[in-house]
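[1] Structure of the sequence below:
(3 chains)
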Amino acid sequence: MQTINPLIRNIKRHWMLYLMILPGIIFYIIFKYIPLAGSVIAFQNYQILKGIMNSPWVWFDNFKYIFMYQDFYNVLRNTAIIATYKLIFQFPAPIILALLFNEVRLMFAKRTLQSLFYLPHFLSWVIVGGIVFEVLSSQGVVNTIRSWMGFEPILYMQQERYFRGIVILSGIWKEIGWGTIVYLAAIAGINPSLYEAAVMDGANRWKQTLYITLPGIFPTILVLFLLNIGNFLELGFEQIYNLLTPMTYSVGDIIETYVYRAGILQGQFSVTTAIGIFQSVIGFVLLWIFNRLANKTGEGLW
Amino acid sequence: MRISASEKWFQTFNYIILTLAASTMIFPFLHLLAVSFSSPVAADSKEVFLWPVGFTLGTWEHILQNSGLWQSFGVTIYVTVVGTFFSMILSVLTAYPLSRQEFLIRKQVMLFIVITMIFNAPLIPFFLTVRELGMMNSLWSLIIPGAISTYNMIIIRTFFQGLPKELDDSAKIDGCNEFRVLFQIYLPLSKPVLATIGLFYAVGYWNIFQRAVLFLRNQELWPLQMKLRAYLTSPEELAQVNLFLGDYDFNTTTLKAATIIFATVPILLVYPYLQKYFVKGSMLGSLKE
Amino acid sequence: MLKRNLKAVTLMLLALVLLIAGCGNSSNNGSQQQNNQSTNTGSSTNGGDKQEDYVTIRVFKSHMGVGTIPDRDNPHVQYVAQETGVIYDLVTVPPGSEASEFINLMLASDDVPDILRPIGGVEQTLIQQGGAVALDDLLPQYAPHVWESIPQEAWDVVRSASDDGKIYYIPKVYLIPERAALLRKDWLEAVNMDLPTTTEEYKEMLRAFRDQDPNGNGKADELPTTGREAGKWMDHLFAMFGVAMWEGVPEWDIYEGEIQYAGITKNMRAAIEFIRELYEEKLLDNETFLNKGDVWTAKINNNLVGSWYHLPANLRDRYTAMLQTAPDAYVIGMPLPKAEGFEGYITQKSMGEPEWIIPKSSEDKAPYALKLLDFFYNPEYFEFGRFGIEGMHHEVVDGKKVPLPPEDNRPLALGMRNLTTQEDMDLRIEQTFPEEMQQMVKDIFEVSTADARRIAGDGLPSTVYTGFPDIQSHKMFQEYLTKIVIGEWPIEKFDEFVERWYASGGAEVTKRVQEWYAKMTNK
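    From the prediction side, this is the model:
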């Protein structure tokens, strides 16, 4: 009973907080946890017409099937590598851009530029994929410039060595603008008197950025990092699917594209759910680790 | 304040880079706009770059005269407004207690919520749950099952956490209860984050597609994106019928371009409107020194 | 202070109330919308005479394009009802979304239609889980036109798709070759050559296309032949070597006496070697594997391509585009040039693909569903099936019926017949092509029909691939094909491909296919 008492006291004293959060909790239970229970189909041989209740149980067979898939390690490796690249390059990009925006003095220019930068976010990857193919084609911009310099055209989309780079660059192009919005909001929340004090101490813009802006948005950066890492192995199907060709399968085939072949083509719901669980477990482990680290330097998610 | 030479260089450099990059971002839209005003043959032959070829208003006439499209436009606006409102209330009410030290089970609830962000339910159980709650064929199926985005909610929470502790103290001196602190003190100071998250939710609702496909059988309830996807289906996927037999001044390519513009432009106009909330110093004067 | 408190509490209550109202409202709507499996009799106020006796059949058909779903008062529905006693209730997937996901959800939630057109292998799911109705006895009785107009061969293929040899679905029948090797006659004349009869002559012709500027614009921009991403739509190059190909993926046919995967045969090896040579000499568009659909179409439309492979029935818009800048353009069917040591043919898949299936849960309504189906297969109603209601689906121009283009607010019309014969195709050409083009298209069909051959694997059930999604998706084949052709790998890698294919499930799948084929040919 010892552990319950403080809780009851807390509820009595701060009942308003508990009341406020109640609708949210209900929401999560109904729309997240109850459907989540359906994940059990990963341990079954789910038959659509029989439903969850009547489908036979196969326990870990689906997982065994996944790990024995001959290309599994290839696919997993590709996913992990691309995910790491995204973390190293695509994650910091909006931060840097937000800082650059911060340096733009003219209000009008700043607002216009921001509004333009987030346009690609609204285009689907079907369209952006088409754009990438065209820009990199033999008649496209890149090869035209190269021909001016006397080089032979390169068919980039056919070459394995360029694929991951193209994925990262196109991802940055598409999402960098949208990604700055949160950081700009965070920058707006920094106390201006801190800047005033720094200026009086003779600090230039660079020092101000380093010692005021960055630390000021650090909690935001940390939170976004943690939110991202929980979905580490989930790269999203659309981008890769629209950029992939058979010539780049070996470096570009990821978990999601495999799931598409197994799921859509074969209706293997149990297997695809099992894969999803695998991705989530890895993501959660990573999140756990980084959350503990975060708690040491700032505040983690929990 | 004197600006050093190196700072001047940097400023110029910054402007140039940003402008160059920004212009690449707008090219695809200019291209689509041009295609939507071009003749079908030119569009199919990829002659169009940034300016219409064979200028015609036919595509836009066809689209704008389509009453079904306006209906779905209205549906989307309704869903976006109601949904954003609903989501913001729910998210703020959830984020606030999680940002308060006084809330004892703060960390446990966070873990409870974060788990749902990482472990996703498969489609069929989710579908069945929503169906059992009787939301089939209702616009609520678009709003309620997705009312709280954990990502968005956590950003609000983080922002709340970042508000200075002195605010709490002065509130306590004034004898405020939690509701008052939230509504009278926290929210007015949170304009940047509320604008941001409001925008995120609005865009999310505006673009809603997958849930609409699953739950809305009644075509009158279809949001904009669903109507537009119809035009984006390539002719080869449809039964082998030549779609346009007369001499129309539009075809699937031009319609595709026009519908993308039609669906995207309205929501693009929201951000500039919100930019005024991203002003520094929104916290000035909040503290009684 | 109390006021503030009230405001906050009110807001919260508002949120809760909205939540409950949302659920409450929609459950009312929900029960109204829910169509039960039991026989629903029509109660329309439109004053028909036998309205109460009509049976409603829910029909699921995907890929219907834009348009509204017709309700029971729709004239099209009403006409069908008068003639058959069946009111059809069309259920379709919103265009642009994933159809197989949709139908799977319907099945999972017990929201099963009365008759459906299967996608993504769902027919096998139904058959194997005992969810399909056996139609052997019902068909001759309730759908005689269907039963008789579909050739017995096709029914045999359908029987072979199930373990107990019963007929569980109505197949799609396409009796003429859908696809053809197309060639620009004006280009041939511009380079002063005759139709190639061997693969060597074909290469010569391509070289002439490449070097002699047949499109006459002074630029060496010709792409003698081209295809699409992942090797799609270059089937003609494979066809010359007798490789069974369908839109870029190998099929199953008889090689060396047994039914085999065309991808691992000697024919395939020779074909790939040939294609590789074409690529090297730039006779094959070097970006062929990067061409997305619209890019490929544009190249053809812009008079850059001399030889390609596609559906002649879809030629209209492309030809119109070509004429814009090349008024002398003319397209002919190219008889397949002969490759030394091989017998070439154009792959034809004509029967066996499932078109309609009736779920077991609607077994008692099956006779009515079949009656509805039979309506569309009855020659008496062909014209109606093709054109629909005047003013709604077609208009009359100069005494001829012209279909109206699909539009958002135009109601869709159900069509259930998927059987194409020579006459059907001729009719379709006459209706959809302008006069000047009709002969051109008919000639193309003549040429392709002469070269076409129905493959042994026509009608192969998708269950042979179960457990081997990568074999089914032909992923390995595409990888090896593309890399060898572009020159990254030598042709010898093909042998490695054969080994790996067998080892990763190909052997098992081949066994299953051979068992199926034995079953089928022993009938």
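
[2] For residue C:70, grab phi and psi.
    Residue C:70 has phi and psi values of phi -70, psi 140 when expressed as degrees, to the nearest 10.

[3] One more: residue C:259?
    phi -80, psi 130.

[4] same check, this time on residue C:170
    As for residue C:170, its main-chain torsions (degrees, to the nearest 10) stand at phi -100, psi 130.

[5] Pull the number of nearby residues for it.
    Using other Cβ atoms under 10 Å in any protein chain shown, residue C:170 has 28 neighbouring residues. From N, CA and C alone the C-beta is placed, and that goes for glycine too.

[6] That one reaches residue C:355, doesn't it?
    Yes - if you go by Cβ atoms under 8 Å, residue C:170 and residue C:355 touch, sitting 5.3 Å apart.

[7] Under the pLDDT cut-off, which ranges of the chain? List them.
    You didn't pick a chain, so chain A it is. Along chain A, the model assigns pLDDT under 70 to residues A:1-3, A:264-267.

[8] should've been chain B
    When the per-residue scores of chain B are filtered using pLDDT under 70, the ranges that remain are B:1-3, B:67, B:231-248, B:279-289.

[9] try the stretch 51-200 of chain C
    Flagging of the stretch 51-200 of chain C using pLDDT under 70 yields the residue ranges C:51-52.

[10] Would you mind naming the helix or strand containing the residue of it found nearest chain B?
    When Cβ to the nearest Cβ is the measure, the stretch 51-200 of chain C has its nearest residue to chain B at residue C:96, with 2.8 Å between them. Under the assignment given by DSSP states H and E, residue C:96 is not contained in any helix or strand.

[11] Can you classify the one residue sitting closest to the centre of chain B as helix, strand or coil?
    Closest to where the C-alpha atoms of chain B average out (Cα atoms, centre = their mean) is residue B:203, at 0.9 Å. For residue B:203, the reduced secondary structure class is helix; criterion used: DSSP: H, G, I helix; E, B strand; the rest coil.

[12] nearest residue to it other than its sequence neighbours?
    If the residues on either side of it in the chain are set aside, residue B:203 comes closest to residue B:267, at 5.8 Å by Cβ to Cβ, 6 or more residues apart in numbering or on different chains.

[13] how close does that neighbour sit to residue A:119?
    Relative to residue A:119, residue B:267 is positioned 11 Å away (criterion: Cβ to Cβ, to the nearest Å).

[14] how much space between residue C:175 and chain A?
    Distance from residue C:175 to chain A, counting by Cβ to the nearest Cβ, to the nearest Å: 28 Å.

[15] check contacts around that residue.
    Neighbouring residues of residue C:175 by Cβ atoms under 8 Å, 6 or more residues apart in numbering or on different chains: C:350, C:419, C:420, C:421, C:422.

[16] Need the buried ones from these selected in ChimeraX.
    For selection in ChimeraX, the members of these meeting the burial criterion (16 or more other Cβ atoms under 10 Å in any protein chain shown) are listed in this command:
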select /C:350,419,420
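
[17] Now intersect the contacts of residue C:175 with the strands, please.
    C:419, C:420 (DSSP state E).

[18] Relative to chain B, which of the contacts of residue C:175 is nearest.
    Nearest to chain B among these, counting by Cβ to the nearest Cβ, is residue C:420 at 8.9 Å.

[19] okay but the residue of the stretch 51-200 of chain C closest to chain B is in contact with residue B:227, surely?
    No - the pair residue C:96 and residue B:227 fails to qualify as a contact (Cβ under 8 Å) at a distance of 9.3 Å.

[20] higher neighbour count, those two?
    Set residue C:96 next to residue B:227 and count neighbours by other Cβ under 10 Å: residue B:227 wins out with 26 against 21.

[21] which stretch of helix or strand covers the more buried one?
    Per DSSP H and E, residue B:227 falls inside helix B:224-232.

[22] Could you look up the next helix or strand downstream of that helix?
    For helix B:224-232, the following helix or strand on the C-terminal side (DSSP H and E) is helix B:252-268.

[23] what's residue 157 in contact with, if anything?
    No chain in the question, so chain A it is. So, once contact is read as Cβ under 8 Å, 6+ apart, residue A:157 ends up touching A:132, A:133, A:136, A:137, A:163, A:166, A:243, A:245, A:247, A:248, C:290.

[24] That was the other one, I meant chain C.
    Contacts for residue C:157 (Cβ under 8 Å, 6+ apart) come out as C:171, C:351, C:352, C:458, C:459, C:520.

[25] Just give the nearest non-adjacent residue to it, would you?
    residue C:459 (3.5 Å).

[26] next one: residue A:76
    Nearest-residue entry for residue A:76: residue A:255, 6.9 Å, with adjacent residues in sequence omitted and distances by Cβ to Cβ, 6+ apart.

[27] And for that neighbour, the neighbour number?
    25.

[28] And it, how far from chain B?
    Residue A:255 sits 13 Å away from chain B, going by Cβ to the nearest Cβ.

[29] My read is that that residue contacts residue A:79, right?
    Yes - the criterion here is Cβ under 8 Å, and residue A:255 meets it with residue A:79 at 4.9 Å.

[30] returning to what we had before: state the distance from the residue nearest to residue C:157 to residue C:325.
    Taken as Cβ to Cβ, the spacing of residue C:459 relative to residue C:325 amounts to 43 Å.

[31] And these two? Which one has more around it.
    residue C:459 (24 against 15).

[32] Residues that sit against both of residue A:255 and residue A:79, list them.
    Counting by Cβ under 8 Å, 6+ apart, the residues touching both residue A:255 and residue A:79 are A:233, A:235.

[33] Contacts only, for whichever residue of chain A sits closest to chain B.
    Among all residues of chain A, residue A:38 sits closest to chain B, at 2.3 Å; criterion: Cβ to the nearest Cβ. The neighbourhood of residue A:38, defined by Cβ under 8 Å, 6+ apart, consists of A:52, B:121, B:122, B:124, B:125, B:126, B:128.

[34] how close does the residue nearest to it when sequence neighbours are not counted sit to residue A:33?
    Once flanking residues are discounted, residue A:38 sits nearest to residue B:125: 2.3 Å by Cβ to Cβ, 6+ apart. Between residue B:125 and residue A:33 the distance, using Cβ to Cβ, works out to 11 Å.

[35] what about the two, which has more around it?
    Of the pair residue B:125 and residue A:33, residue B:125 is the one with more neighbours under other Cβ under 10 Å, namely 20 against 14.

[36] Good, we can wrap up now.
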